[in-house]
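> what follows is a protein structure lacking sequence information:
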Ligand SMILES: Nc1ncnc2c1ncn2[C@@H]1O[C@H](COP(=O)(O)OP(=O)(O)OP(=O)(O)O)[C@@H](O)[C@H]1O
């Protein structure tokens, strides 16, 4: 289902929980609503569902305004974080629930439930109750139950939040595959950036009631449009005084700050680093073993930076003097933000960005 939201607002008293949010979602896409707690993600989801009335703005499904449609007439399926299975019902009856409400025939219900049991890998579990299932299995039942009445839009509110880390990763991949296979337009809420990046076709970053940016995970990572997005997605360090960053001094003043991602930085022993004339002198503060790489904390002229080094690279030690080449930085002040390259560097950045 194609979805359009125009200038959506929601106020609770004089508190503006959602402010002028507009977006469109293509049919079959999987969208992650990502942002810090209290930003307005759940409020947006609830307005789409019809569980909350917008203070102003329009919601269109297939180009038709649905503001006045009650939830049960919107063709929506839900999956919540706390499973919300009916405890006194078996897996079969949980999945069949929405179909019974719709008064479908026994045969039709059986056929649909069994095909969903098959799809979600729950074969053999039909007669179990919720307490006889693992967290991951319960979420799969919740997913099958939401899909049973053939909704046109699936809304998932923190669907993985109550599941432990290892299963959560598996379930994410599983859910993405399922949604692709079924081809249903889906929106899920999360405050976990890794989850959004891994699962979503497109991410909408929601902060303080506003939609800061919408785009593919890669696009948002590569081209953040606001300082908030830049700092929220990916790891980064904020440098308050750009004058201390070699190759970027020109940008100093006007309250300009820099956001530096680990992969913008190249670090090496003095004399070994390429493009030495564009590099700063610095010192290693700490080195942490991160399993697949070294995390290196650096300091140059009072500026603190963080980067990674491959495991196979020569080990750096605390207090060791190093050369630090900052390839690029995300610069911003109160008026604008932009991505800048080190002006002393002649060759393009060797890394994938
Ligand atoms: N019924 C309500 N009455 C008053 N304030 C509300 C109500 N519902 C939500 N809010 C407020 O609106 C803001 C947005 O809440 P919302 O639940 O949409 O945020 P969220 O991004 O989903 O956060 P979380 O990740 O914590 O669920 C919060 O500050 C919240 O306290």
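Received the coordinates, thanks. Computed from a prediction, not measured in an experiment: that's the story for all the values here. Residues are numbered from 1 along each chain as shown.

> return the nearest residue of the stretch 101-250 of the chain with respect to the ligand.
residue 191 (5.0 Å; CB to the nearest ligand atom). For every residue, glycine as well, the C-beta is placed using N, CA and C.

> that residue contacts residue 40, correct?
No: the criterion here is CB atoms under 8 Å, and residue 191 misses it with residue 40 at 11.9 Å.

> those two - which one has more neighbours?
Under the criterion of other CB atoms under 10 Å, the comparison of residue 191 against residue 40 puts residue 40 first, with 23 against 18.

> report pLDDT for that one.
Note on residue 40: pLDDT of 96.

> and the longest helix seen in the chain, what does it pack against?
Taking DSSP state H as the assignment, the helix of the chain that covers the most residues is helix 165-182. Secondary-structure packing of helix 165-182 (3 or more CB pairs under 8 Å, 6 or more residues apart in numbering; DSSP states H and E): strand 30-34, helix 106-119, helix 135-147, helix 193-199.

> what's the third one packed up against?
The one in question is helix 135-147. Looks like helix 135-147 contacts strand 76-80, helix 91-101, helix 106-119, helix 165-182 (3+ CB pairs under 8 Å, 6+ apart).

> can you do 6 Å?
strand 76-80, helix 91-101 (3 or more CB pairs under 6 Å, 6 or more residues apart in numbering; DSSP states H and E).

> quick one: which of the ones you listed is nearest the ligand?
Short answer: strand 76-80, nearest of these by CB to the nearest ligand atom, at 11.6 Å.

> next, see if the closest one gets close to the ligand.
No: judged by CB under 6 Å from any ligand atom, strand 76-80 and the ligand are separated, with a smallest distance of 11.6 Å.

> any idea how far the ligand is from residue 85?
21 Å (CB to the nearest ligand atom, to the nearest Å).

> neighbours of that residue, just the number please.
Residue 85: 23 neighbours (other CB under 10 Å).

> and for residue 13?
Residue 13 has 5 nearby residues by other CB under 10 Å.

> low-confidence ranges in the stretch 1-150 of the chain?
82-83 (pLDDT under 70).

> where do the helices of the stretch 201-350 of the chain begin and end?
Here the stretch 201-350 of the chain has its helices, by DSSP state H, counting those that start in this stretch, at 217-222, 227-232.

> that older thread, show me the contact partners of the helix or strand following the longest helix of the chain.
Downstream of helix 165-182, the next assigned helix or strand under DSSP states H and E is strand 185-190. The set of residues external to strand 185-190 that reach it, using CB atoms under 6 Å, 6 or more residues apart in numbering, is 1, 27-28, 30-34, 41, 45, 153-159, 179, 196.

> returning to that earlier point: just the helices of the stretch 201-350 of the chain: most buried one?
Of the helices of the stretch 201-350 of the chain, the one with the most neighbours on average (mean count of other CB atoms under 10 Å) is helix 227-232, at a mean of 20.

> which residues of this structure lie near the ligand?
Checking the chain against the ligand by CB under 6 Å from any ligand atom, the hits are 12, 15, 17, 35, 37, 38, 39, 40, 41, 42, 43, 191.

> which ones among those map onto helices?
Using DSSP H, those in helices are 41, 42, 43.

> make TSV from those residues and add distance to residue 122 and neighbour count to it.
Shown next, in TSV, are these (distance: CB to CB, whole Å; neighbours: other CB atoms under 10 Å):
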residue	distance to residue 122	neighbour count
41	29	26
42	28	18
43	32	21
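
> of the residues you listed, just say which sits nearest to residue 237.
residue 41 (26.7 Å; CB to CB).

> bridging residues for residue 259?
On the basis of DSSP bridges, residue 259 is bridged to residue 238, residue 330.

> that one: neighbour count?
Around residue 259 there are 20 residues (other CB under 10 Å).

> tell me the contacts of it?
Residue 259 neighbours (CB under 6 Å, 6+ apart): 230, 236, 238, 330.

> residues touching the closest residue to residue 320 other than its chain neighbours, list them.
Using CB to CB, 6 or more residues apart in numbering and skipping the chain neighbours, the partner closest in space to residue 320 is residue 284 (4.7 Å). Neighbour list for residue 284: 316, 318, 320, 322 [criterion: CB under 6 Å, 6+ apart].

> circling back to that earlier point, which of the helices and strands packed on helix 135-147 sits closest to residue 249?
strand 76-80 (51.1 Å).

> that closest one pairs with which strands?
strand 153-157 (parallel).

> any idea of the mean pLDDT in the strand it pairs with?
94.

> how far out from the middle of the chain is that strand?
Mean-position distance between strand 153-157 and its chain equals 15 Å (CA atoms, centre = their mean, to the nearest Å).

> one more: stretch 107-114?
35 Å.

> buried set for that stretch?
109, 112, 113 (16 or more other CB atoms under 10 Å).

> kindly report the same for stretch 117-133.
117, 119, 120, 122, 125, 126, 130, 133.

> report the contact partners of the third one.
By CB under 6 Å, 6+ apart, the contact list for residue 120 reads 140, 144.

> please apply the same query to the fourth one.
For residue 122, the contacting residues are residue 140, by CB under 6 Å, 6+ apart.
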